[in-house]
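# quick one, what's the 3D model for this:
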Amino acid sequence: MKLIREEIESVKFLVETTKSGKKSLYIEGVFLQGNIKNRNGRMYPMETLRREVSRYNEAHVNAGRALGELGHPDGPTVNLDRVSHKIVSLRESGDNFIGKAKILGTPMGKIAANLVEEGVKLGVSSRGIGSLKMTREGCNIVGDDFMLATAADIVADPSAPDAFVEGIMEGKEWIWDGGLLREKYAEQTRKRINTLVDQRKLDEHKLNLFNDFLSNL
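As a prediction, the model looks like this:
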C-alpha cells in the first residue's frame with residue numbers, strides 16, 4: 001500500500017475563549033474531499049471516505065487521541081515528539097468532511113501558534129495508506145483498503161507541487177507485519193536479492209577453484 005497525502009488550503013484559524021478566560025487556538029475547515037478528482041489526480045469514493053471517517057472518529061477522535069503533526073511526516077504513523085494539535089471533530093458535509101482541531105501546548109503546537117500569530121498562511125494535509133487504481137481517463141481511484149492515519153497535519157506549503165514528495169515515496173511500500181505498519185523498500189529488497197545471488201555465484205566459483213586444486217595434486 002502507498003502512503004497517500006492530500007493538501008488543502010481552505011482552513012481558518014479560530015480563537016475560542018472559555019468562561020475562565022483561557023484562550024485556545026483551533027483550525028477548522030475542509031479536511032477531506034470525496035467524489036472529485038483533486039489536483040493530485042486522485043479521487044476518493046465517498047463510501048470509502050465515509051466508512052474510514054466513521055472508524056477514525058470511533059477509534060481516535062472520540063477517544064481523544066486523534067493527533068496530527070507539524071510538517072510533512074514521511075510515514076503513516078504519528079510521531080509523538082512532533083504532535084502539534086488534536087482533532088476534536090470530523091463530520092460529513094456534502095462531498096466534504098469538515099474538521100476541527102485544537103492547537104496543543106506542545107513544542108510543535110507552540111511553533112504553529114506563533115506562525116499563525118505572525119501571519120503565516122498555513123494549510124492542512126491528510127495522511128493515509130491505500131492502493132490506487134488508474135482509470136482510462138487518467139484518474140487514480142483510491143481503493144477500498146484506504147486507511148486514514150490522520151485527518152490533518154499542519155503544513156506551511158499546501159500549494160507546493162507534490163512532485164518532490166511523490167519522488168521520495170515512490171520506492172516505498174507499507175505492509176502489515178504482526179499488527180504493525182512497517183516500511184518495505186523495494187529497492188533494498190532488490191539489492192539484497194542481487195547480493196545473495198552474487199554471493200552464491202562467488203561461493204560456487206570458490207568451490208570450483210578448490211576442486212581444480214584437488215584434481216591437480
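
# from now on I want contacts and neighbour counts done on CA atoms only, so please keep to that.
Will do.

# give me the three-state assignment for the one residue sitting closest to the centre of the chain.
Centroid-nearest residue in the chain: Arg127, 3.2 Å away (criterion: Cα atoms, centre = their mean). When classified by DSSP: H, G, I helix; E, B strand; the rest coil, Arg127 comes out as strand.

# so it makes contact with Leu148?
Yes: between Arg127 and Leu148 there is a contact under Cα atoms under 8 Å: 6.2 Å.

# related to what we said a few turns ago, dig out what the residue nearest to the centre of the chain forms beta bridges with.
For Arg127, the beta-bridge partners are Arg5, Thr150 (DSSP bridges).

# only C-alpha atoms, please: export the helix or strand harbouring Leu148 in PDB.
Per DSSP states H and E: Leu148 is located in strand 147-155. The C-alpha trace of strand 147-155 is given here as PDB (Å, rounded to 0.1, in the frame of the first residue of the first chain):
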ATOM      1  CA  MET A 147      -6.900   3.700   6.000                       C
ATOM      2  CA  LEU A 148      -6.800   7.200   7.400                       C
ATOM      3  CA  ALA A 149      -3.700   7.800   9.600                       C
ATOM      4  CA  THR A 150      -4.500  11.400  10.500                       C
ATOM      5  CA  ALA A 151      -7.200  13.700   9.100                       C
ATOM      6  CA  ALA A 152      -4.900  16.700   9.300                       C
ATOM      7  CA  ASP A 153      -1.200  17.600   9.600                       C
ATOM      8  CA  ILE A 154      -0.400  21.300   9.600                       C
ATOM      9  CA  VAL A 155       1.800  22.300   6.700                       C
END
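
# could you chop this structure up by domain?
Domains of the chain are assigned by automatic domain parsing as 2-160, 171-217.

# ok, of those domains, where does mean pLDDT dip lowest?
Note on those: domain 171-217 shows the lowest mean pLDDT, a mean of 58.
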